[in-house]
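A.B. asks: Just the structure for this:
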Amino acid sequence: MNKFISIVVLISIILITKGYAGGITGYVTNSNEEPVEFASIYVEEIGTGTSTNIEGFYQIILSPGSYTLVFQHLGYKAKVVKVEIIDSFTTLNINLEAESIVLKTVVVQANNEDPAYTIMRKAITKAKYHKQQLNSFEAEVYIKGSGRLIESPFFLKKTIEKEGMDSTASYATESVSKIKYTRPNMYEEEVISIRSTGQDNGTSPNSFIFGSFYDPQYVNAISPLSPKAFAYYKFEYLGTKVERGYEISKIRVIPRSMGDEVFWGEISIIEDIWCIQSTNLNMQNMGVIFNIKQIYEPVEPFAWLPISHKFDVTGKFFGFKFEYGYLSTIGKYKIELNKDLVQEIEIIDEKIEKETVNNLGKKSKNELDNTLVQGGQITRKQFRKLINAYEKEEKNKENEPLVVSNYTTKVDSLAANSDSAYWAQLRPVPLTNYEIKGYHKIDSIAFAEKAELEGDTLVKNRSDKFQIMDALTTYTFKLSENDRLTYYSPTMLFNYNTVEGFNTALKLKFIHSKTKQNYL
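C.D. replies: Residues are numbered from 1 along each chain as shown. The predicted structure is shown next:
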């Protein structure tokens, strides 16, 4: 029966795929012919794209036409390919070369300052500008993730093995949302489709996706682009590469003191624009380590926005060691630029470019104000004053100036009712064989839960009798023909979040069924 269902689902997926226009499919590998996991593929003409899965496989559904695809991954040279799509799928396998970054001619300035500092000073100066650069944007966000227990206390290992519990697929999730941002800090999210099983233990990546490194704080930690960054970090220049006409400098971020409020890793900055091109940064909170990889693309020539996020979360607590991984792609961008701000402006670092500052001379207030609209050269100090004044003026115009930010979310009433065929044509990232098994489990659990609520079945335990392992997991007591009580162990409800830290709970669920359609 299971094989028959699998065949039916596979045929449905094929029929749905064929019902769409053509597209591109293939594998992304490196010079050793190894798959490049989670490589980003961006389609310039439609402002969207996808990522490869852990097998290096990708697939994009596209209408007939000409497209420019950008293949990239941290540590590799970006590759731009132009393709022509007809009414069928085209196979396009891509090989990415390792990136080659070079040191600039002058690695160390006369004052022995690492060149990373002038790059970061300019990037920090423009951080507020990049927050004000867009009046609004709309986009579609796809998230998939999974988590598992990889280590447990020695006294539970044998019991878990004996009970046949599978720790490799304890949590899986997949969702599609539409998000809308309105300047300065208003976010709206509509969850279109979602399915999940298990507990995320407070590892959800939403706060990372809706946050920004351009803010002084990013998820409870000091951003490397914060005005206070130099008090928390040291920076090291690693080199510069040139891709698609952009100079991209890679900077190592080093905390002055390790703790729960800082990042460490690497950040890449687009020179002249002084915006983020990519991040590979880590942070920790109460022993849980988060790794954040992001790739940005120019949705408009001077407006770089994130198109992919990769989050890995690892932690250990009371002998339980867990790991979670999330992949997010953001596409179908529709943006409105802030017409008050010019897109091209040259930032001068007074500390290094003293001769240029002298040649600029003093500017009147009107001349400085015009720089925001018309462009030109301006010092960091002057630009910072202008942006702060602009931001203050904008806040004074707001009806509720005390509102720092506002985030609202709603879930479509049919968000959890989509079947496998629907997801097959919706998701931008192809599933691996491992994930197909995991999501088949989600569908099975969802079906069982629906049947339980409708009174068609009672929860079936591994044995009619209560066992010692049930105290550590879940057990349903049949109290009568129409009444049952389900016990959820604190070990199954173990949770972590950045506010409360580690926590757990004891949960009981009582269901009284009158008929198959009526229950309490």
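A.B. asks: Can you give me the buried ones in the helix or strand residue 330 falls within?
C.D. replies: Assessed by DSSP states H and E, residue 330 sits inside strand 320-337. For strand 320-337, a neighbour-count test (16 or more other Cβ atoms under 10 Å) marks 320, 322-331, 333, 335, 337 as buried. Bear in mind the C-beta positions are built from the backbone N, C-alpha and C, glycine included.
A.B. asks: mean confidence score for that strand?
C.D. replies: When pLDDT is averaged over strand 320-337, the result is 88.
A.B. asks: circling back to that earlier point, list just the nearest of the buried residues of strand 320-337 to residue 370.
C.D. replies: Using Cβ to Cβ, residue 337 comes nearest to residue 370 of the buried residues of strand 320-337, at 18.4 Å.
A.B. asks: partners of that closest one in the sheet?
C.D. replies: residue 134 (DSSP bridges).
A.B. asks: any idea how far it is from residue 326?
C.D. replies: 30 Å (Cβ to Cβ, to the nearest Å).
A.B. asks: do the same with residue 431
C.D. replies: Residue 431 is 15 Å from residue 326, by Cβ to Cβ.
A.B. asks: ok, now residue 389?
C.D. replies: 39 Å.
A.B. asks: Same check on residue 188?
C.D. replies: 21 Å.
A.B. asks: now do residue 273
C.D. replies: Computed as Cβ to Cβ, the residue 273 to residue 326 distance reads 28 Å.
A.B. asks: same question, residue 226
C.D. replies: 25 Å.
A.B. asks: swap in residue 302?
C.D. replies: Going from residue 302 to residue 326 by Cβ to Cβ gives 29 Å.
A.B. asks: which SS state does residue 131 fall under?
C.D. replies: Per DSSP: H, G, I helix; E, B strand; the rest coil, the local secondary structure of residue 131 is helix.
A.B. asks: What distance do you get for it to residue 306?
C.D. replies: Taken as Cβ to Cβ, the span from residue 131 to residue 306 is 14 Å.
A.B. asks: So these two - more neighbours on which side?
C.D. replies: residue 306 (20 against 16; other Cβ atoms under 10 Å).
A.B. asks: Is the more buried one bridged to anything, and to what?
C.D. replies: Bridge pairing for residue 306 - DSSP bridges - gives residue 296.
A.B. asks: List the residues that contact it.
C.D. replies: Applying Cβ atoms under 8 Å, 6 or more residues apart in numbering, we find residue 306 in contact with 294, 295, 296, 330.
A.B. asks: try 6 Å this time
C.D. replies: 294, 296, 330 (Cβ atoms under 6 Å, 6 or more residues apart in numbering).
A.B. asks: Residue 217 versus the second one, what's the distance?
C.D. replies: The one in question is residue 296. Taking Cβ to Cβ, one finds residue 296 at 20 Å from residue 217.
A.B. asks: quick one, which of these two is more surrounded?
C.D. replies: Comparing residue 296 with residue 217 by other Cβ under 10 Å, the one with more neighbours is residue 296, at 20 against 14.
A.B. asks: How about the contacts made by that one?
C.D. replies: So residue 296 contacts 276, 277, 304, 306 (Cβ under 6 Å, 6+ apart).
A.B. asks: give me that answer again for 7 Å
C.D. replies: 276, 277, 278, 304, 305, 306, 307 (Cβ atoms under 7 Å, 6 or more residues apart in numbering).
A.B. asks: who touches the closest residue to residue 93 other than its chain neighbours in this structure?
C.D. replies: Excluding the flanking residues, the one nearest residue 93 by Cβ to Cβ, 6 or more residues apart in numbering is residue 26, at 4.4 Å. Shown in contact with residue 26 (Cβ under 7 Å, 6+ apart): 58, 91, 92, 93, 94.
A.B. asks: Quick check: which element contains the closest residue in space to the third one that isn't next to it in sequence?
C.D. replies: By the measure of Cβ to Cβ, 6+ apart, the closest residue to residue 92 outside its immediate chain neighbours is residue 26, 4.4 Å from it. Here residue 26, judged by DSSP H and E, is contained in strand 23-29.
A.B. asks: Ok, residue 357 next?
C.D. replies: With DSSP H and E as the criterion, residue 357 is inside helix 354-360.
A.B. asks: Compute the inter-axis angle for the host helix or strand of residue 149 and strand 320-337.
C.D. replies: Using DSSP H and E, residue 149 sits within strand 134-151. Computed with axes from the mean of the first three to the mean of the last three Cα atoms, to 10 degrees, the direction of strand 134-151 lies at 170 degrees from that of strand 320-337.
A.B. asks: worst-scoring helix or strand of this protein, pLDDT-wise?
C.D. replies: helix 2-19 (a mean of 46; mean pLDDT, DSSP states H and E).
A.B. asks: the strands in the stretch 101-250 of the chain, which residues?
C.D. replies: Taking DSSP state E, counting those that start in this stretch, the strands of the stretch 101-250 of the chain run over residues 134-151, 171-182, 186-197, 217-218, 221-222, 233-243, 246-255.
A.B. asks: comparing these, which gets the lowest mean pLDDT score?
C.D. replies: Among the strands of the stretch 101-250 of the chain, strand 186-197 scores lowest, at a mean of 82.
A.B. asks: And the pLDDT at residue 67?
C.D. replies: Reading off the model, residue 67 has pLDDT 95.
A.B. asks: Just the pLDDT at residue 227, thanks.
C.D. replies: Looking at residue 227, its pLDDT reads 93.
A.B. asks: Return the residues in contact with it.
C.D. replies: Counting by Cβ under 7 Å, 6+ apart, residue 227 has contacts 124, 216.
A.B. asks: Tell me the confidence at residue 459?
C.D. replies: On the pLDDT scale, residue 459 is placed at 41.
A.B. asks: low pLDDT regions in the stretch 351-500 of the chain?
C.D. replies: For the stretch 351-500 of the chain, the stretches with pLDDT under 70 are 397-426, 432-475, 487-500.
A.B. asks: residue ranges of the helices in the stretch 251-400 of the chain, please?
C.D. replies: In the stretch 251-400 of the chain, the helices defined using DSSP state H, counting those that start in this stretch lie at 354-360, 365-374, 380-397.
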